[in-house]
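J.: Have a look at this prediction, sequence included:
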Amino acid sequence: MIDVLIGFYIATLITELFTTRLYRLLGWYALNSLFLGLIAIYMGAEIGDNAMIISGSITILIKFMLIPYVLKYIATKFNIPRNINPNLKVHYSTIIVPVILVFTYYLVNPIIHNMAYNANYVALSISSLFLAMLLIIEHKNIAPKIVGFLSIENALFLLAISATKGMPMLVELGIFVDLLMLIVIVNILFKHQGDF
Amino acid sequence: MLIIFIPSILLVILSFFKINRTLMAAVSSLIIVPAIYIFMHPFVNEYFLVDKLNSFVLLISSIVGVGVSLSMISLPERLNLNEEAIKRFYRFFGIFWFGLIISILANNMGIFWIGLEFATLSTVYMIKVKDSLTAHKEAWKYLTVGAIAISLVLFGIILMYASAKDVLGEDAMNFYALAKNAGKINNFLFEIGFTISVTGFFIKMGFFPMNLWLADIERASIYPVAALFSGILESAIMLGFFRLSKIEMLVNTSHLVTFSYIYAIFTLFMVSFLIYRTKDFVTTFALSGIEHMVLITIFWVSGGYFAALLHLAAHAFLKPALFLSSSMLEQKRRYSFKGALKGYSNKLVPLLISLLLLGIISIPPSPMFFSEIFGFKAMLDVAQDSDYFLVMIFAIFIIMLLLSIIFYKFITIYQEALYDGDDEPKKVYKSEIAMLLLFTISLLALILPQVFDYIEGIIK
Amino acid sequence: MIYYIIQILSIFLIAPFLVGIIKSIKMFMLYKRPISPFQPYFDFYKLLYKEVIYSKESSAVSKIAPILIISPLILVVFLLPPIFKDSFYVSFMDAFTITGLISLSTFFLMLLGVDSASAFGGLGSSREAFISALVEPAMILTIFSVSLMANSIGISKAALNLASSFPATHAASFVLAAISFFILLVAENGRIPVDNPETHLELTMVHEAMILDVSGADLALVELASGIKYAIFATLFVTLFIPFGTDLPFALAFLVFIAKLLIVSVVIALLEVNTAKLRLFKVPNLLGISIIFGFLSLITFYILGGVA
């Protein structure tokens, strides 16, 4: 079951890379976070870790519902361009993405031999980290860069729940607070875009 | 415990009302009170731990904070800032300070990261206090590059946590628990995590691949922000590096030394030539900040703890003072006090500034002179103990060579400042004199024998 | 053997019906008066008796191309995976055979478009080449990934293996391959996000542009070929990615198979109604996703393989 969810998680992330419209990108990001939250809840239920179930639910609440909605609101309010063409042509990214997938798998091979559990999920979460970085690199506009950063955050969350069976509760809550802070900052930066 | 957050919260609250600039500066100077209190009364609880190291860093940072708030009193006259901008500056300064205290005092890698991220995000907006297109662009740049750097740090922290989770459980986030059980943790994973985290720190401080991004930002924003970056934020990041590298030393010292030396030589190579070529003095100062961070890093990994801490403190006082005094002396992107202070009858300010400028290139009475002497001695010790004596000596020689290029450039800057520039009398405000005096006195205090003893006793 | 023949005959017979039912559902959804789902049969019958006209500029290719378009597809129908576990099947059919034969057919279709020497034909052919160049790698990757999961390189054997033992440990790869193949099904048959089979607007048409100059019995053959191609893809999709029902008695298995084909057609019809056609230069984005999903399916097969 977790396999399927992780497969969908990575599939939505890759779809983000090919998207050329902002709202659709936000939609894929929301789905991506939904799968992440479900993975956390499922994994938490499997190993009987309540903290992980809670943080999974918070992920769904914040990253699936709140953040995409707020970003969409910001984008509408400040007339952010909705057509986001990647700098990288789709033909190249069709080649680069598989290369990243294979390359990271071999790159992290020594790491996953040292992992006590969930080694394969670790490999996938690290490649999703690189894919999210590609999302930041391939876009010139600022809005998809922010989505890319949020996707990096998602990849790190996946890494945390798979490699360490969840970080301490306080740390995870703090990371959520930081994410909200990021959204506030983004809002303010867009708001004062023309103030000079 | 909660008392240390009061000044920052007070700042945020007050920034929503009509403000009096002197009052705000006074309030924000209050941050030094809890810092001194903590310095005197260390405490430990589940997530925070105050030892000599972080109380020392907090004290230095709060002194810099006081200096910055002093200069904020008169800055609006110089740069035509409106009241709204100052309000925003103080609001985010409060949040910045809040995150910074959490980060400095944390004994938990996760909480350390949260505080650092909080401080980073709040600086994004401080960059944009100056309303200009470049400031706006640089704020976005800082947001993206800083976010990537800080995600790398989190990535490394997760791996380090994973390396020790089986042995220590939730305590694996704890710096001291990790250091105590360094023998038991999974070395390979820890080293991978350490490398990634430290690369994140280094990118954030502008090391090798990202040499110019910090310089661009400090150029585009107002001077107090540059001062905050070089004086406070970099110290907090350095503190994280200190803590992690202490653990890595127990795991595998030779890897640490090799990694840091190679990184340092690459960075110094880039930075020295960039400094040599650059015309803009703010960029020069920012790049020299990178150079000093490199020196602190290699002093620390070579075991020269005293040298590293002294250098950290001296740099934290010198660089903000220079940045803040730039607002008085800037003339067409040059730093000159011949022309700028011509009409100013008092000789005190030019004297102080020239002392500071000579201090940053380690002319003898400066604390930097002592720290570099001790630091290079520590490096030579490492070279003597290592199996690769010649390689190490060669590396040290290269570092000296690159430093001498920077030294040459700074002497040129000093001479230009002294003799070039147009006559354009400027007014010097009392708050600026107070700020300069504060920094100079703090610097002089650093070379007192008692302070030397204290710093030496921080890391046994 | 009798089951095998029944299966092949039924695929031939149902192919025009599937195209017809998509069309009638779409018309129903758009509040038009729907045509009968059996309309393609009438069209076929009508076209057979129409006069065949060749353009003056065209060569012999135009005369033989319709036969060459349909014959590889007829061959593929004989090689499709069985719908009933005891029936006869051809075992050597693998990903390369199937893509090769289908692209042979596409090749002659493009040749036919170019041969008529009209501007539209060349335009349609170049677009078709553009799309099918991206479809083929994705198709090979996807079918390979499925073959790996089923422990057999032959498609027919793979389908039976999937039906008898579903690869639950590789569910992620399986689902990704299914998504990838569904995108291919849409793209290769000229359905809406990629091509609109109903329009004759020169900016958008792909398949129609190639056959503008074809008439009479030739057109009947080409239309039948596109129907059969759709039926082939739909059969592959339902046998490989909805692999159940082959254990039932033959009559039931056959009914289940027909029902699955109908469901796929209905889904495609709903999809067509609800999406807008992509601009031609956005098509690589969609097909790129398909290629990557096929690849991802292979990767997850290896990375997540064995972890339950």
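T.: Yes, it's here.
J.: Can you name the residues that contact the residue in chain A positioned nearest to chain C?
T.: With CB to the nearest CB as the measure, A:G7 is the residue of chain A nearest to chain C, at 2.9 Å. For every residue, glycine as well, the C-beta is placed using N, CA and C. Counting by CB atoms under 8 Å, 6 or more residues apart in numbering or on different chains, A:G7 touches C:A171, C:A172, C:S173, C:V175, C:L176, C:L296, C:T300, C:L304.
J.: per-residue confidence at the closest residue in space to it that isn't next to it in sequence?
T.: Of all residues beyond its chain neighbours, the one nearest A:G7 is C:A172 (2.9 Å), with distances taken as CB to CB, 6 or more residues apart in numbering or on different chains. Confidence at C:A172, expressed as pLDDT, is 83.
J.: now do A:L107
T.: pLDDT recorded at A:L107 is 81.
J.: Look up how far B:K204 lies from it.
T.: Taking CB to CB, to the nearest Å as the measure, A:L107 falls 23 Å from B:K204.
J.: Please identify which of these two sits among more neighbours.
T.: Between A:L107 and B:K204, counting by other CB atoms under 10 Å in any protein chain shown, B:K204 is the more crowded of the two (24 against 14).
J.: My read is that the more buried one contacts B:S151, right?
T.: No - B:K204 lies out of contact with B:S151 (CB atoms under 8 Å); the separation is 10.9 Å.
J.: Let me see the contact set for the residue of chain B found nearest chain A.
T.: Chain A sits closest to B:G110 of chain B, with a gap of 3.0 Å, by CB to the nearest CB. B:G110 makes contact with A:M167, A:P168, A:L170, A:V171, A:G174, B:I157, B:Y161, B:M173 under the criterion CB under 8 Å, 6+ apart.
J.: now do 10 Å
T.: Residues near B:G110 by CB atoms under 10 Å, 6 or more residues apart in numbering or on different chains: A:160, A:167-168, A:170-172, A:174-175, B:47, B:154, B:157-158, B:161, B:173-174.
J.: Distance of the closest residue to B:I399 other than its chain neighbours relative to B:V382?
T.: Distances taken as CB to CB, 6+ apart place B:L268 nearest to B:I399, at 6.1 Å, with adjacent residues excluded. Taking CB to CB as the measure, B:L268 falls 17 Å from B:V382.
J.: more crowded one of those two?
T.: With other CB under 10 Å as the criterion, B:L268 and B:V382 differ in neighbour count, and B:L268 comes out ahead with 24 against 18.
J.: Give the other helices and strands that the helix or strand containing the more buried one contacts.
T.: Assigned by DSSP states H and E, B:L268 belongs to helix B:253-277. Helix B:253-277 sits against helix B:187-205, helix B:213-220, helix B:234-251, helix B:281-301, helix B:367-385, helix B:389-419, with contacts defined as 3 or more CB pairs under 10 Å, 6 or more residues apart in numbering or on different chains; DSSP states H and E.
J.: What mean pLDDT does it get?
T.: On average, helix B:253-277 scores 89.
J.: chain center to it, what's the gap?
T.: Relative to its chain's centre, helix B:253-277 lies at 18 Å (CA atoms, centre = their mean, to the nearest Å).
J.: Likewise for stretch A:41-54?
T.: Distance, centroid of stretch A:41-54 to centroid of chain: 20 Å (CA atoms, centre = their mean).
J.: Tell me the buried residues in it?
T.: Neighbour counts using 16 or more other CB atoms under 10 Å in any protein chain shown place A:I41, A:M43, A:G44, A:D49, A:A51, A:M52, A:I53, A:I54 of stretch A:41-54 among the buried residues.
J.: before we move on, what about stretch A:139-152?
T.: So stretch A:139-152, judged by 16+ other CB under 10 Å, has buried residues A:139, A:141-152.
J.: Stretch A:110-128 now?
T.: A:111-112, A:114-115, A:118-128.
J.: from these, which two are the most distant?
T.: Pairwise distances across the buried residues of stretch A:110-128 peak at 19.7 Å for A:N114 and A:S128 (criterion: CB to CB).
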